[in-house]
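K.L.:
Curious how this folds, go ahead:
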Amino acid sequence: MWDKNKIKEVFEQLSTFAKYLIVGLLAAYLLLLLTDLLFLKIIYERVYQLVYNTGGVSNAYLIKALTMAVTLVAYLVIPIIAWNFIILKKKRFALFLALVYCGGMMGLFILSRPAPDQLFNILTGEPLYRYYRHPDDGHIELFPADTLKHPRLGVPLEKLTLEVAIEIEKRAKAEKKAKAEAEAKQREEMIRRQKEEEERRQKAEAEAAEQKRRQQSEISETGEVLGRTLETIPKIIAQDDFESGTLEGGTGWKEPLWIKEGYAAAKPSGEAKQGNYVCIIWGKEKGSYVMRSVDLSSAIRPRLQFWAKPARLAINVLSRYNADYAIVQISRDQEKWELVNTWVAKSYEDEIKDYSYNFLDFDLSSYAGTPQLWIKFTVFEKSIRMIGDDPMLYVDNIKIINNK
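P.N.:
Take a look at the predicted model:
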């Protein structure tokens, strides 16, 4: 039989031991918690100092946020690394540790890059650059603060000072001002040249108009023009009947030949109005043409005369608004063209109908005195047809005459 006093004594000893054990466990837990807090504090302070000294982050709230994020990551990752790398000695954690370290250094490098106009850490006041002053012209080169020597010259670099920073700022403002003045001067020069060009153009137009007015006003009742009689003024200014068999014939033109685009030629044909040759222009979608210019500086009431006949003009069976057509235009500058005459297919029956020749005579008196007047014949193909069945325009015996 157990002695009741003995049992009571053992129970009291066990109770005392349990109390001490619980107190010890609580003390150990508190010590571990205190160690964790101390570990967090050390990490936080270290990270905060690194971010603070980079100079790339200037906002205190942002610094604290970055520090807290990095601290929590480090708090969670470091024990795992220590357990697997130091205790278990797993080799793959060495690579992981290296990657984490490299990533941290790259992050600090990115944070350490200052803003374009930032020369000092706005929190610590420490310079973010070192400098080298060239002895020949006093030019100042800036390098990151961790660069100790000039990369090309190998001479030591000095820490940036407030005086040098002020000098750099003054030079930058002077260069910016000089650049702005140069750009303003360039714009003014451009505007001046445009104005002069416009004045020269207006003057040339005024002189041409005045010359034209004088020519028209100096025609007297006795038939004298600028000191000459009308009989001495040539009847034909320019002409081409295409009997040369090429686009290089004719007389009186400023160019040695007709300028063409697309399909055009002087061909022997029974369709010629006079002689054996005629100029034929075959149409294409963007237009085939021939053009040539004439000098009307001394012309008296000039006129454009020629024979023309369109053929095989058709409408587009898929669109009633598209049809083949041919036009005659004149221009002083090849930019603004005046329409002289148009031929256009009006119905499907036009496709099988050949037009007859027409003699066309146009008054060019408003262009008298023009040093260069362009004449252009163009054919457009807008219908759908077989290859080789293109719309055409026959042009023959072109003349520019003085209407004496």
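
K.L.:
Sort out which residues of stretch 259-279 are buried, please.
P.N.:
Across stretch 259-279, burial judged by 16 or more other Cβ atoms under 10 Å covers 260, 262-266, 272-273, 277-279. All C-beta spots, glycine's among them, are computed from the backbone N, C-alpha and C.

K.L.:
Could you list which of those residues belong to helices?
P.N.:
Among those, none falls in helices (DSSP state H).

K.L.:
how about the strands in the stretch 101-250 of the chain?
P.N.:
129-133, 140-144, 158-159, 224-225, 228-229, 236-240 (DSSP state E, counting those that start in this stretch).

K.L.:
Need the mean per-residue confidence for the fourth one.
P.N.:
Taken as a whole, strand 224-225 carries a mean pLDDT of 44.

K.L.:
low pLDDT regions in the stretch 1-150 of the chain?
P.N.:
1-3, 51-61, 81-82, 84-98, 101, 104-105, 107-117, 121-124 (pLDDT under 70).

K.L.:
mind listing the helices for it?
P.N.:
For the stretch 1-150 of the chain, applying DSSP state H, counting those that start in this stretch gives helices covering 4-54, 60-81, 92-112.

K.L.:
packing partners for the second one?
P.N.:
Judged by 3 or more Cβ pairs under 8 Å, 6 or more residues apart in numbering; DSSP states H and E, helix 60-81 is in contact with helix 4-54, helix 92-112.

K.L.:
buried sites along it?
P.N.:
So, applying 16+ other Cβ under 10 Å, buried residues of helix 60-81: 63, 66-67, 70-71, 74, 81.

K.L.:
Between these, which sits nearest residue 141?
P.N.:
residue 63 (30.2 Å; Cβ to Cβ).

K.L.:
From residue 41, how far out is the closest one?
P.N.:
16 Å (Cβ to Cβ, to the nearest Å).

K.L.:
Outline the domain layout of this structure.
P.N.:
For the chain, automatic domain parsing gives the domain ranges 4-112, 233-402.

K.L.:
Show me which of those has the highest average neighbour count.
P.N.:
domain 233-402 (a mean of 18; mean count of other Cβ atoms under 10 Å).

K.L.:
For that domain, give the mean pLDDT please.
P.N.:
Domain 233-402 carries an average pLDDT of 86.

K.L.:
Off-centre distance for that domain?
P.N.:
Offset of domain 233-402 from its chain centre (Cα atoms, centre = their mean, to the nearest Å): 39 Å.

K.L.:
is residue 315 in a bridge, and if so with what?
P.N.:
Judged by DSSP bridges, the bridge partners of residue 315 are residue 323.

K.L.:
these two touch, right, it and residue 344?
P.N.:
No: counting by Cβ atoms under 8 Å, residue 315 stays clear of residue 344, with 9.0 Å between them.

K.L.:
Mutual contacts of the two, please.
P.N.:
Shared contacts of residue 315 and residue 344 (Cβ atoms under 8 Å, 6 or more residues apart in numbering): 323-324.

K.L.:
Give me the secondary structure label for the spatially closest residue to residue 261 that is not a sequence neighbour.
P.N.:
Closest residue to residue 261 in three dimensions, ignoring its sequence neighbours and counting by Cβ to Cβ, 6 or more residues apart in numbering: residue 289, at 5.4 Å. Three-state assignment for residue 289 (DSSP: H, G, I helix; E, B strand; the rest coil): strand.

K.L.:
any idea how far residue 289 lies from residue 345?
P.N.:
Using Cβ to Cβ, residue 289 is found at 18 Å from residue 345.
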